[in-house]
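K.L.:
Here is my input; please provide its structure:
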Amino acid sequence: MFTDGLPFLIASQVVFILFNGFQINGLYKCCQNTKLQLRMHV
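P.N.:
Prediction:
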């Protein structure tokens, strides 16, 4: 039973890490865009 669930566990961990990576990437890009916009206004 444990060995059958192991691939699923690993897959879910990989998906979780990838999802977090994309979120952090998106937030970083959003911050960069906001900084650029603020610079243009000033």
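K.L.:
show me where this protein has helices.
P.N.:
Taking DSSP state H, the helices of the chain run over residues 2-41.
K.L.:
Low-confidence ranges, it, go.
P.N.:
Confidence mapping of the chain against pLDDT under 70 gives the ranges 1-3, 41-42.
K.L.:
cutoff 90 now
P.N.:
Scanning the chain for pLDDT under 90 picks out 1-9, 18-42.
K.L.:
residues contacting Leu27?
P.N.:
Contacts for Leu27 (C-beta atoms under 8 Å, 6 or more residues apart in numbering) come out as none. Every C-beta, even on glycine, is put in place using the N, C-alpha and C of the backbone.
K.L.:
and the gap between it and Asn33?
P.N.:
Leu27 sits at a distance of 11 Å from Asn33 (criterion: C-beta to C-beta, to the nearest Å).
K.L.:
do Gly21 as well
P.N.:
19 Å.
K.L.:
Report how many residues lie close to Cys30.
P.N.:
10 (other C-beta atoms under 10 Å).
K.L.:
Roughly how far does it sit from Val14?
P.N.:
Distance, Cys30 to Val14, by C-beta to C-beta: 25 Å.
K.L.:
Ok, Thr34 next?
P.N.:
From Thr34 across to Val14, the span is 31 Å (C-beta to C-beta).
K.L.:
Arg39 now?
P.N.:
Arg39 is 38 Å from Val14, by C-beta to C-beta.
K.L.:
And for Leu27?
P.N.:
Distance, Leu27 to Val14, by C-beta to C-beta: 21 Å.
K.L.:
what does Asn25 give?
P.N.:
16 Å.
K.L.:
Met40 now?
P.N.:
Distance, Met40 to Val14, using C-beta to C-beta: 39 Å.
K.L.:
ok, the two, which is more surrounded?
P.N.:
More neighbours surround Val14 than the other of Met40 and Val14, with 10 against 7 (other C-beta under 10 Å).
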